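> what follows is a predicted protein model with its sequence.
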Amino acid sequence: PTGQPTEAPSFDPTNFPTPYPTLFPSEDPTIKPSTDPTQQPTQSPTPEKCYFNPTAESTMEFAIIVDNSCGLTSDECQVQLEQIGEILLTLKVEYTKMAYIEYGAGDANVRIRLNDTKLQSDIDAFYEFIINN
């Protein structure tokens, strides 16, 4: 046994520890997700909401327009959708409306309209619609 045991031992130690841990850990970690993810993830790194003050008399309308013509993989597309959702969370405050439009090599598709009262009034539903549809 060690002369300096840890004060916080693991609750799930490995049965096969390496006898020679690396002194040069990878600077390029795996792209594969963990098979045992945490049940308490950190909050999304979304920055604070934008500091502008729309009012009932001076609402602001935004359009997020996404180019889908570049041939993203399914995984890349999911990352893009999550980033779009993060942008939404920074801009969508009271008295703002946002349209979400996708286009490719052909035509454009308005996915969320400015007059969609259900999604405009529920930021969580708006975000979930973008990342899951």
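Now that the structure is in, tell me what you want to look at.
> so residue 63 makes contact with residue 98?
Yes: Residue 63 is within contact range of residue 98, at 7.1 Å (criterion: C-beta atoms under 8 Å). Quick note: C-beta positions are derived from backbone N, CA and C, even for glycine.
> the two - which one has more neighbours?
Counted by other C-beta atoms under 10 Å, residue 63 and residue 98 do not tie: residue 98 has more neighbours, with 22 against 12.
> what about the nearest residue to the more buried one once chain neighbours are set aside, how many neighbours?
The spatial neighbour of residue 98 that comes closest, neighbours along the chain excluded (C-beta to C-beta, 6 or more residues apart in numbering), is residue 62 at 4.8 Å. Residues near residue 62, counting by other C-beta under 10 Å, number 15.
> any idea which element residue 62 lies in?
Counting by DSSP states H and E, the element that carries residue 62 is strand 60-67.
> identify all contacting residues around that strand.
Where contact means C-beta atoms under 8 Å, 6 or more residues apart in numbering, the residues beyond strand 60-67 that reach it are 52, 54, 80, 84, 87-88, 91, 95-104, 108, 114.
> okay, buried residues for the helix or strand following it please.
The helix or strand immediately downstream of strand 60-67 is helix 74-91, counting by DSSP H and E. Using 16 or more other C-beta atoms under 10 Å as the test for burial, helix 74-91 gives 80-81, 84-86, 88-89.
> mind showing which ranges of the protein have poor pLDDT?
By pLDDT under 70, the weakly predicted segments of the chain are 1, 42-51.
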